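K.L.:
from the sequence below, what's the structure:
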Amino acid sequence: MSATFDGAATDIHQQEAAAAASSTATQIVLCLGPWYEDTTADHLAPLLTMLRDALRERTSQALIAYPAADPQAAAWQHEGFVIQPYASAAKLHTLPVQIAATYLSLYEIMRAHDATCGLLLGPEAHTLHAEALRALVEAVLNGSADLALPRYAAGPNEGLVNASILYPLTRAVFGVRANFPLALDLALSSRMAERMATAAQSSTTASQPEALLWPAAEAAVAGYTVAEITAGTRELPHPTGADLSSILNTIGTSLFTDIELKASFWQRTRPAVPLLQLDAVPIAPLPPPPPVSAEEISELVESFRIGYGNLHEIWSLVLPPQTLLGLKRMSRLPTEEFALPDALWVRIVYDYVLAHRLRTINRGHLMGSLTPLYLAWVASHIMANGSALPDALPRAFDADKPYLVSRWRWPDRFNP
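P.N.:
Alright, predicted model coming up:
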């Protein structure tokens with residue numbers, strides 16, 4: 001790894017003595033994010049137990065780095081692990097996601113120790129299956145993948161922002177079929193870590209250390225190998241202090257911007273990125289989700305109807321007449337017959353990607369106006385009660401990608 005990053009928020013040289021206590025060279029660097037700032041042995045105990053079960057004979061090859069506010073914090077050892085503090089400019093994000101500053105810190109620590117595998121783990125990481133974490137590490141260490149992502153077992157009504165936008169849009173645009181492109185936990189090769197650090201440097205230079213990055217898209221553009229590991233269930237933390245509109249705004253704006261920056265890549269017809277699929281945790285049936293009451297569904301539908309009344313003028317600047325006609329029909333449906341067809345939702349998302357690029361309206365207002373449409377999709381999804389084919393929505397995004405490409409190249413030809 002040869003790149004240098006001036007001003008990176010780590011003080012590696014003062015910490016290298018701690019790593020020397022291990023008789024085995026460091027191969028694995030596990031960089032913990034701001035959720036673990038100033039952590040203690042007691043706080044880390046559940047995570048260390050899981051890591052020891054996962055890494056087994058590789059425990060002595062691993063270095064755990066955690067963010068410390070105190071510049072005098074010292075490294076320590078615990079049951080075979082070397083645990084090293086690092087300085088970070090990152091603050092706790094309202095969303096439980098990996099951010100630019102953490103990718104940059106991971107790379108700097110990997111470079112200092114010449115490590116070949118980097119790990120980022122999200123909050124509540126001790127709930128990740130040990131077998132899944134070991135498979136993430138081994139996929140990178142044995143050279144099978146530059147990026148290893150988990151496939152969490154989620155119920156039909158969990159992770160709906162991912163299921164409705166992040167996964168199908170990333171799959172269609174970048175050709176990466178990993179189900180969780182913004183996974184909480186991931187493993188990276190040294191060259192993948194360097195690429196993510198380069199992307200992170202742009203954000204931190206622009207005083208945005210909490211910016212979101214999209215590793216699946218970076219791997220696709222670089223031509224790197226990607227693995228997906230069945231990971232079973234994991235506790236998926238909820239956002240703190242953020243409402244739905246803020247979540248959609250933060251995640252949607254980041255993904256739409258990344259799509260714009262990488263337009264020269266995805267506009268060309270390319271085969272899907274090869275995805276190495278590894279079974280670490282056997283896929284088992286999940287318990288049925290708790291029932292959603294008729295009142296809750298009615299509230300979702302009513303939120304859409306209110307949005308249709310209040311936001312029609314904004315939507316008319318973003319969406320073509322045919323889409324607006326479809327929304328008008330939906331607004332008049334009785335609740336028990338309410339449905340948002342996949343093809344219509346795909347067009348809505350693609351048109352929002354385009355409006356974001358063209359700055360048709362203020363981007364904050366644009367992303368805010370997406371919320372009632374997303375709630376309409378959620379209501380339709382819940383009412384379908386699992387009757388749709390598992391890959392129906394992602395396939396609809398794939399099939400309609402030419403629409404996105406055409407409107408991107410000739411936006412005036414399709415002016416709403």
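
K.L.:
check which residues of stretch 277-285 are buried.
P.N.:
By neighbour count, and taking 16 or more other C-beta atoms under 10 Å as the criterion, the buried residues in stretch 277-285 are 278, 280, 281. In this view, the C-beta of every residue, glycine as well, is placed from N, C-alpha and C.

K.L.:
right, and the helix or strand after the helix ranked longest in the chain?
P.N.:
Scanning the chain for the longest helix, with DSSP state H as the assignment, gives helix 294-318. Next helix or strand after helix 294-318 toward the C-terminus (DSSP states H and E): helix 321-331.

K.L.:
which strands or helices does whichever helix or strand comes after that following helix pack on?
P.N.:
For helix 321-331, the succeeding helix or strand toward the C-terminus, using DSSP H and E, is helix 342-358. Counting contacts by 3 or more C-beta pairs under 8 Å, 6 or more residues apart in numbering; DSSP states H and E, helix 342-358 is packed against helix 167-174, helix 244-261, helix 294-318, helix 321-331, helix 363-368, helix 392-399, helix 401-409.

K.L.:
how about those helices in JSON lines, adding mean pLDDT?
P.N.:
Converted to JSON lines, those look like this (pLDDT from 0 to 100):
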{"stretch": "helix 167-174", "mean pLDDT": "98"}
{"stretch": "helix 244-261", "mean pLDDT": "96"}
{"stretch": "helix 294-318", "mean pLDDT": "96"}
{"stretch": "helix 321-331", "mean pLDDT": "97"}
{"stretch": "helix 363-368", "mean pLDDT": "95"}
{"stretch": "helix 392-399", "mean pLDDT": "97"}
{"stretch": "helix 401-409", "mean pLDDT": "95"}
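
K.L.:
tell me the most buried of those?
P.N.:
helix 167-174 (a mean of 24; mean count of other C-beta atoms under 10 Å).

K.L.:
next, format the helices and strands packed on helix 342-358 as CSV and append distance to residue 229.
P.N.:
Output for the helices and strands packed on helix 342-358, formatted as CSV (distance: least, C-beta to C-beta, whole Å):
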stretch, distance to residue 229
helix 167-174, 16
helix 244-261, 23
helix 294-318, 33
helix 321-331, 38
helix 363-368, 32
helix 392-399, 19
helix 401-409, 27
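
K.L.:
retrieve the pLDDT associated with residue 387.
P.N.:
Reported pLDDT at residue 387 in the predicted model: 67.

K.L.:
need the contact list for the closest residue to residue 162 other than its chain neighbours.
P.N.:
Computed as C-beta to C-beta, 6 or more residues apart in numbering, the closest residue to residue 162 that is not its neighbour in sequence is residue 180, at 6.3 Å. Contact analysis of residue 180 by C-beta atoms under 8 Å, 6 or more residues apart in numbering lists 149, 150, 151, 152, 159, 162, 167.

K.L.:
tell me who's in contact with residue 220.
P.N.:
174, 175, 176, 226, 265, 273.

K.L.:
rerun that using 6 Å as the cut-off
P.N.:
174, 175, 176, 273 (C-beta atoms under 6 Å, 6 or more residues apart in numbering).

K.L.:
top of these by neighbour count?
P.N.:
residue 176 (26 neighbours; other C-beta atoms under 10 Å).

K.L.:
which SS class is residue 29?
P.N.:
Taken by DSSP: H, G, I helix; E, B strand; the rest coil, the conformation at residue 29 corresponds to strand.

K.L.:
that one pairs with what?
P.N.:
Residue 29 has these beta-bridge partners by DSSP bridges: residue 63, residue 118.

K.L.:
hang on, it packs against residue 108?
P.N.:
No. Using C-beta atoms under 6 Å, residue 29 makes no contact with residue 108, being 9.7 Å away.

K.L.:
any stretches of the stretch 1-150 of the chain with poor pLDDT?
P.N.:
1-24 (pLDDT under 70).

K.L.:
make it 90
P.N.:
The model of the stretch 1-150 of the chain has pLDDT under 90 over residues 1-25, 38-42, 69-73, 78-80, 87-96.

K.L.:
same deal with the stretch 151-300 of the chain?
P.N.:
Along the stretch 151-300 of the chain, the parts satisfying pLDDT under 90 run over 155-156, 202-210, 236-243, 283-291.

K.L.:
in it, which spans are helices?
P.N.:
160-161, 167-174, 190-205, 215-222, 244-261, 263-266, 294-318 (DSSP state H, counting those that start in this stretch).

K.L.:
contacts for the third one, please.
P.N.:
Residues outside helix 190-205 that contact it (C-beta under 6 Å, 6+ apart): 1, 3, 5, 100, 103-104, 106-107, 110, 116, 118, 146-147, 211, 213, 218, 222, 224.

K.L.:
and the residue nearest to residue 300 when sequence neighbours are not counted, how far from residue 60?
P.N.:
Nearest non-adjacent residue to residue 300, counting by C-beta to C-beta, 6+ apart: residue 379, 3.8 Å away. Plainly put, residue 379 is 52 Å away from residue 60 if you go by C-beta to C-beta, to the nearest Å.

K.L.:
what do you get for residue 42?
P.N.:
23 Å.

K.L.:
go on, residue 110?
P.N.:
The separation that residue 110 has from residue 60, given C-beta to C-beta, amounts to 17 Å.

K.L.:
these two: which has the busier surroundings?
P.N.:
Comparing residue 110 with residue 60 by other C-beta under 10 Å, the one with more neighbours is residue 110, at 28 against 15.

K.L.:
please, a ChimeraX command that selects the buried ones among the contacts of helix 190-205?
P.N.:
Applying 16+ other C-beta under 10 Å to these, the buried members can be selected in ChimeraX as follows:
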select :5,100,103,104,106,107,110,116,118,146,147,211,213,218,224
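
K.L.:
next step: the contacts of helix 190-205 restricted to strands.
P.N.:
Under the assignment DSSP state E, these contribute 118, 147 to strands.

K.L.:
per-domain residue ranges of the chain.
P.N.:
Under the assignment automatic domain parsing, the domains of the chain span 13-279, 294-414.

K.L.:
could you say which of the ones you listed is packed most deeply?
P.N.:
Buried most deeply of those, by mean count of other C-beta under 10 Å, is domain 13-279, with a mean of 19.

K.L.:
most centrally placed residue in this protein?
P.N.:
The structure's the chain has its C-alpha centroid closest to residue 182; by C-alpha atoms, centre = their mean the separation is 1.1 Å.

K.L.:
would you enumerate the residues in contact with it?
P.N.:
97, 166.

K.L.:
how about residue 35: what's its closest non-neighbour residue?
P.N.:
Excluding its sequence neighbours, the residue lying closest to residue 35 (C-beta to C-beta, 6+ apart) is residue 123, at 4.1 Å.
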